[in-house]
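K.L.:
Let me see the structure of the following:
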Amino acid sequence: MKINTLYTLLAASMLMLSSCDSFLDMQPTNASNAETAIATTNDAQVAINGIMRAMSSSSYYGRNFMIYGDAKGGDLTIYSAGRGLDALYSFNHAPTSGSYSGFWSTGYYCIMQVNNLIENIDRLQAKEEKGFESYKGQALTLRALFYFDLVRLYGLPYNYDKSAFGVPNVTQTLEASAQPTRATVEENYKQILADLKEGAELLADYKKPVDSYVGYYANLALQARVNLYMERYSEALTAAQEIIESKKYDLYEPDEWVDSWRKQYGDESILEIGIDAESDLSTGSLGFYYMCYGRLKNAMGWFLASDYFLNRLGEDPDDVRWGVMDVDEEDYDYGTGRKGACYKYMGSVNLQGDGKETATAVNIKVIRLSEIYLIAAEAALQSGDKEAAADYLNAIRKRSPNLAPATAATITLDMILDERSKELFGEGQRFFDMIRCNRSIEFNDDFQDVPISQREKVIDRTFYKIVLPISQDELNANPALRSQQNKGY
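P.N.:
Numbering: from 1, shown residues only. The predicted structure is shown next:
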């Protein structure tokens, strides 16, 4: 699905949203006409539901985007090549194959729906219709999230080359013949910040935590993330502190952490995507891709923790986060006891799920309070307040009871990055952390001697494949992008 043809599908998309009755439980007014499909606040809710549903696809948060960050960041490895998605580990990408164009098409599909919703809300508000503020605030925050994800996939890190090509900034519905070109990384981030600022203002009267939707604190959490990537540490810290000090969310105690993965919309969840029977990817789910080979029928053991991650977690054998890890395929073959299979997305190592009929329909936690503490720790450290940084880090580090607490004298950025790895394993962040912090990434290629020919064993952010290529189909559909392909492809 191409960006210059996506926008011809507006009416069809609204019809699609209204067809998912069990998920949406409502239909938009006059869904056959996208320009007037939103007539009531119920219609706006339908559109938001559909956008959140699209985020759960296998090409986005439902699976591939989450795997991307850990497979490319060195915390995951593969036991055997050719089972599926191993190109995310091997960097076997080209415009004509392995381009993972689903990131682009799904991202712009979501943006299409957001833009249509915003335009409809603006039309209604011009007629003095009331009650749409929170929906527009949610839409703007979601658009910021989609652009943040896209620019990280296709553009170089902001602190590396913000003048490099990012992705097209599309903030209004387009004609089918439109051929938008790529903005710079800096221009993308400028748009992201503008959307977040306006979204926060619209959501300011809606500060109660919400399940499965974007609220004020999800907007703040995304502000913290984005500003951290931009090295705007004061702004990142301010946003993180507002969330922490609001007391709207609570960190799990160490003895509660493992069971938290069996809960929907728990105490730490700031933004969580609900997965129901219709959006359950079953054997294609994130949980299936991380579980041990042969644990269930068709479980292939696609990805498992690398030695590097297990050594990091193994600094404390009593770390509570071992509770979501279990034996992997090496143990299956040789009885080594290696615990490289992750069961966050099956609810528990006993496959208990999170309260639904199937264990594979576990909600996707996009932003958790623990990440906010880690953002605060990094932002405080980079701002020169090492004592505050240590306090924020220790709030999470206590999940490793045998490790000495950080102090103002001992805390380092690498200590925070290691804690982010242990806490956020399987949640798609390691690669982006390593690249933005200009760290080299080493891959566990010698694990079972999986042949890799598309990259070196150790890479850094000078490697051209740290960004994806624009797919050849997209270039054919939008010739204006041909001269803007990422270098090396």
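
K.L.:
Checking the nearest residue to R482 once chain neighbours are set aside next. Helix, strand or coil?
P.N.:
The shortest distance from R482 to any non-neighbouring residue, by CB to CB, 6 or more residues apart in numbering, is to L475 (5.1 Å). The C-beta positions use only the backbone N, C-alpha and C, and glycine is treated the same way. Assigned with DSSP: H, G, I helix; E, B strand; the rest coil, L475 falls in the helix class.

K.L.:
remind me which residues of this structure are low pLDDT?
P.N.:
Across the chain, residues meeting the criterion (pLDDT under 70) sit at 1-35.

K.L.:
longest helix of it?
P.N.:
Criterion DSSP state H: the longest helix present in the chain is helix 102-126.

K.L.:
who touches the residue nearest to R482 in this structure?
P.N.:
95, 481-482, 485 (CB atoms under 8 Å, 6 or more residues apart in numbering).

K.L.:
before we move on, what about G73?
P.N.:
Neighbouring residues of G73 by CB under 8 Å, 6+ apart: 429-434, 441.

K.L.:
Keep only those of these that are in strands.
P.N.:
By the criterion of DSSP state E, membership of the contacts of G73 in strands covers I441.

K.L.:
Now render the contacts of G73 as a markdown table, adding neighbour count and distance to L271.
P.N.:
Shown next, in a markdown table, are the contacts of G73 (neighbours: other CB atoms under 10 Å; distance: CB to CB, whole Å):
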| residue | neighbour count | distance to L271 |
| --- | --- | --- |
| Q429 | 21 | 14 |
| R430 | 25 | 19 |
| F431 | 21 | 20 |
| F432 | 20 | 17 |
| D433 | 20 | 19 |
| M434 | 25 | 23 |
| I441 | 21 | 27 |
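
K.L.:
So which of the contacts of G73 sit within helices?
P.N.:
Of these, the ones assigned to helices by DSSP H are 430-434.

K.L.:
What is the nearest of those residues to V226?
P.N.:
The shortest approach to V226 among the ones in helices among the contacts of G73 belongs to F432, at 11.8 Å (CB to CB).

K.L.:
Which residues are in contact with the closest one?
P.N.:
69, 73, 152, 229.

K.L.:
could you dump these to a markdown table with distance to A176 and secondary structure?
P.N.:
Below are the contacts of F432 laid out as a markdown table (distance: CB to CB, whole Å; DSSP: H, G, I helix; E, B strand; the rest coil):
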| residue | distance to A176 | secondary structure |
| --- | --- | --- |
| G69 | 34 | helix |
| G73 | 38 | coil |
| R152 | 28 | helix |
| Y229 | 34 | helix |
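
K.L.:
Out of these, which two are the most distant from each other?
P.N.:
The largest separation in the contacts of F432, counting by CB to CB, is between G73 and Y229 at 14.8 Å.

K.L.:
Against V151, how distant is Q191?
P.N.:
Distance of Q191 to V151, given as CB to CB, to the nearest Å: 9 Å.

K.L.:
Which residue of these two possesses the greater neighbour count?
P.N.:
V151 (30 against 20; other CB atoms under 10 Å).

K.L.:
which one of the contacts of G73 is nearest E198?
P.N.:
Nearest to E198 among these is F432, at 24.9 Å by CB to CB.

K.L.:
A44 against F132, yeah?
P.N.:
Yes: contact criterion CB atoms under 8 Å: A44 and F132 qualify, at 6.0 Å.

K.L.:
Give the intersection of the neighbour lists for the two.
P.N.:
Listed as contacting both A44 and F132 by CB under 8 Å, 6+ apart are I121.

K.L.:
got the residue ranges for the helices in the stretch 151-300 of the chain?
P.N.:
158-161, 185-203, 216-229, 233-246, 254-260, 286-290 (DSSP state H, counting those that start in this stretch).

K.L.:
and of the ones you listed, who's closest to N115?
P.N.:
Closest to N115 of these is helix 185-203 (CB to CB; 11.2 Å).

K.L.:
which residues sit against that closest one?
P.N.:
Contact partners of helix 185-203, identified using CB under 8 Å, 6+ apart, comprise 133-134, 136-141, 143-144, 147-148, 150-151, 155-158, 161-167, 169, 171, 183, 214-216, 219-220, 222-223, 226, 230.

K.L.:
angle of it against helix 216-229?
P.N.:
Going by axes from the mean of the first three to the mean of the last three CA atoms, to 10 degrees, helix 185-203 is angled at 160 degrees with respect to helix 216-229.

K.L.:
Give the buried residues for helix 185-203.
P.N.:
By neighbour count with 16 or more other CB atoms under 10 Å, helix 185-203 contains the buried residues 185-189, 191-193, 195-196, 198-200, 202-203.

K.L.:
and of the residues you listed, the nearest to S383?
P.N.:
Sorting the buried residues of helix 185-203 by distance to S383 puts L193 at the head of the list, at 18.9 Å, by CB to CB.

K.L.:
Return the residues in contact with W322.
P.N.:
Taking CB under 8 Å, 6+ apart, one finds 313, 339 in contact with W322.

K.L.:
run the last query once more with 10 Å
P.N.:
W322 is in contact with 258, 310, 313-314, 316, 339, 349, 400, 422, counting by CB atoms under 10 Å, 6 or more residues apart in numbering.

K.L.:
Look at the spatially closest residue to N120 that is not a sequence neighbour and tell me its secondary structure.
P.N.:
Distances taken as CB to CB, 6+ apart put I38 closest to N120, at 3.5 Å, once the chain neighbours are dropped. Under the three-state scheme (three-state DSSP), I38 adopts coil.

K.L.:
Looks like I38 contacts Q125 (just checking).
P.N.:
No: with contacts counted by CB atoms under 10 Å, I38 stays clear of Q125, the gap being 11.1 Å.

K.L.:
In terms of neighbours, single out the busier of the two.
P.N.:
I38 (29 against 14).

K.L.:
Distance-wise, check that one relative to E175.
P.N.:
Noted for I38: a distance of 20 Å to E175, by CB to CB.

K.L.:
Secondary structure element for the residue nearest to D122 when sequence neighbours are not counted, which one?
P.N.:
Take D122 and drop its neighbours on the chain: the residue closest to it by CB to CB, 6+ apart is K136, 7.9 Å away. Using DSSP states H and E, K136 sits in helix 133-154.

K.L.:
Around T36, how many other residues sit close by?
P.N.:
15.

K.L.:
make that A477, sorry
P.N.:
The burial count for A477: 16, using other CB under 10 Å.

K.L.:
From what I see, V362 and C342 are in contact.
P.N.:
No: using CB under 10 Å, V362 is not in contact with C342, being 11.9 Å away.

K.L.:
Residues that sit against both of the two, list them.
P.N.:
286-287.
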